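1. pasting the sequence and the predicted model now:
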Amino acid sequence: MKNLSFLDKIFYLLNSLLATLLLLSYLLPFISPSTIPFFAVLSLFVPVLIIINLGFFIYWLIKLKKQAFLSAFVLIIGWCFSSPFYKISSKSSSLNTDLKVMSYNVKAFDLFTNKKDSTLNTGFDFIASKNPDVLVIQEYYQSTKIHLSYPYKFVKTKNKKGKFGMAIYSKYKIINSGSLDFKDTSNNIIYIDIVKKKDTIRVYNLHLESLRIKPNEENFGQENSEKLLIRVTNSFEKQAEQTNQFLAHEQQWKGKKIICGDFNNTGYSWVYDQITKNKKDAFIEAGKGFGKTFNYWFPMRIDFILTDENAIINQFKSFSEQYSDHFPIQAKINW
């Protein structure tokens, strides 16, 4: 510190604070939001903390200062023990027997009829071009404008008269379906059992409690920060309750399984850690890059495709087409 200029001393103090926050964030998977709800908020900022600490590391490295070791140390710990921020390599193998699964938060299809691409007229055309065997949809909305050609589907709206809910479309016969029917929320978890040759495969569709943060909307930032924090921490508490409900239900199924959905939380959270125990994350197994699934200025991965441990993930893709505030993700899965 003695050999640093006054400005560099300020930078290093800020560097120390943000490196400490990133280090603390590695404890997030072990602390339930129901215990310390406020701490769970940090999970949303882990990608930003990684980017900032990487910036500090490069800054000190260019200046040939030993202060570079602080951020380097914290980043290396994260690389070794936490969910990857960036995947360098991917798998691109494919078999004719693969089950192609797409998960997509469609935001009630409100942008699906707008032309966003010179080669694809609508979001429905995009889905058709990818031709998934199973299409898992969050924020579904019943409408005559929906153009999805599948022989089987399970749609669960929040109530009998409502049009908003969740859906799973399948090329394979659905022999069972159900819903966890969360109380006092518009979010939910539904599931189906499909038959593929001799296999019965359970497919879950998760949409955990929404934080109701819309950074791209005009009125974002006008809400009182204290009220926003209270609302977000309450949402994290609900996510913890919903996660426990899901785990209790999921443990009753011992066969092949796929878990898809919008967790409204990142890969650095307690929610993600609990749900992914004894499972494979398709992005980690076969993905590449940031795996960004939410349309924001930094790479947020809050949508996931998971499988049981016996599954083989041959391919994973996160698409960049903007027909929603989420990006669709797709995996090719085999056993």
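-> That came in fine, so what should we check first?

2. helices or strands up against the host helix or strand of L61?
-> Assigned by DSSP states H and E, L61 falls within helix 46-62. Judged by 3 or more Cβ pairs under 8 Å, 6 or more residues apart in numbering; DSSP states H and E, the packing partners of helix 46-62 are helix 6-25, helix 68-81. (Each C-beta comes from the backbone N, C-alpha and C, glycine too.)

3. mean confidence for the first one?
-> Mean per-residue pLDDT for helix 6-25: 95.

4. which other residues reach the following helix or strand past it?
-> Remark: after helix 6-25, the chain's next helix or strand is helix 37-40, criterion DSSP H and E. Helix 37-40 has contacts (Cβ atoms under 8 Å, 6 or more residues apart in numbering) with L28, I31, P33, L229, T233, N234, F236, E237, S269, W270.

5. buried ones from the residues you listed, can you make that a PyMOL selection?
-> Listed next is the PyMOL selection for buried residues among these, using 16 or more other Cβ atoms under 10 Å:
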select buried, resi 28+33+233+236+237+269+270
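
6. next step: the contacts of helix 37-40 restricted to helices.
-> Among these, the members found in helices (DSSP state H) are L229, T233, N234, F236, E237, W270.

7. could you find the closest non-adjacent residue to K107?
-> Sequence neighbours aside, S324 is the residue nearest to K107 in space, at 4.1 Å (criterion: Cβ to Cβ, 6 or more residues apart in numbering).

8. sorry, slip of the keys, the one I care about is S82.
-> With sequence-adjacent residues excluded and distances taken as Cβ to Cβ, 6+ apart, S82 is closest to Y26, at 5.5 Å.

9. contacting residues for the one you found?
-> Each residue near Y26 by Cβ under 8 Å, 6+ apart is listed here: I77, G78, F81, S82, Y268.

10. list only buried entries from these.
-> Buried members of those, scored by 16+ other Cβ under 10 Å, are G78, S82, Y268.

11. TSV please, covering these and showing pLDDT and distance to N244.
-> Formatted as TSV, the buried ones among the contacts of Y26 follow (pLDDT from 0 to 100; distance: Cβ to Cβ, whole Å):
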residue	pLDDT	distance to N244
G78	93	27
S82	89	23
Y268	95	19
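
12. partner strands of the one helix or strand N205 maps to and their direction?
-> Taking DSSP H and E as the definition, N205 sits inside strand 199-207. When pairing is defined by DSSP bridges, strand 199-207 lines up against strand 188-196 (antiparallel), strand 256-262 (parallel).

13. tell me which of the ones you listed sits most buried.
-> Burial of the strands paired with strand 199-207 is given as mean neighbour count (mean count of other Cβ atoms under 10 Å); strand 256-262 ranks first at a mean of 24.

14. what mean pLDDT does that strand get?
-> Strand 256-262 shows an average pLDDT of 98 in the prediction.

15. show me what counts as buried in the strand holding N205.
-> The neighbour-count check on strand 199-207 (16+ other Cβ under 10 Å) flags I201, R202, V203, Y204, N205, L206, H207 as buried.

16. closest one of those residues to V155?
-> V155 has its nearest neighbour among the buried residues of strand 199-207 in N205, at 10.8 Å by Cβ to Cβ.

17. pretty sure that closest one sits against C260.
-> Yes: the pair N205 and C260 passes the contact test of Cβ atoms under 8 Å, sitting 5.8 Å apart.

18. can you pull the residues that touch both of these two?
-> Residues touching both N205 and C260 by Cβ under 8 Å, 6+ apart: S103, V136.

19. show me where the stretch 101-250 of the chain has its helices.
-> Using DSSP state H, counting those that start in this stretch, the helices of the stretch 101-250 of the chain run over residues 123-130, 225-250.
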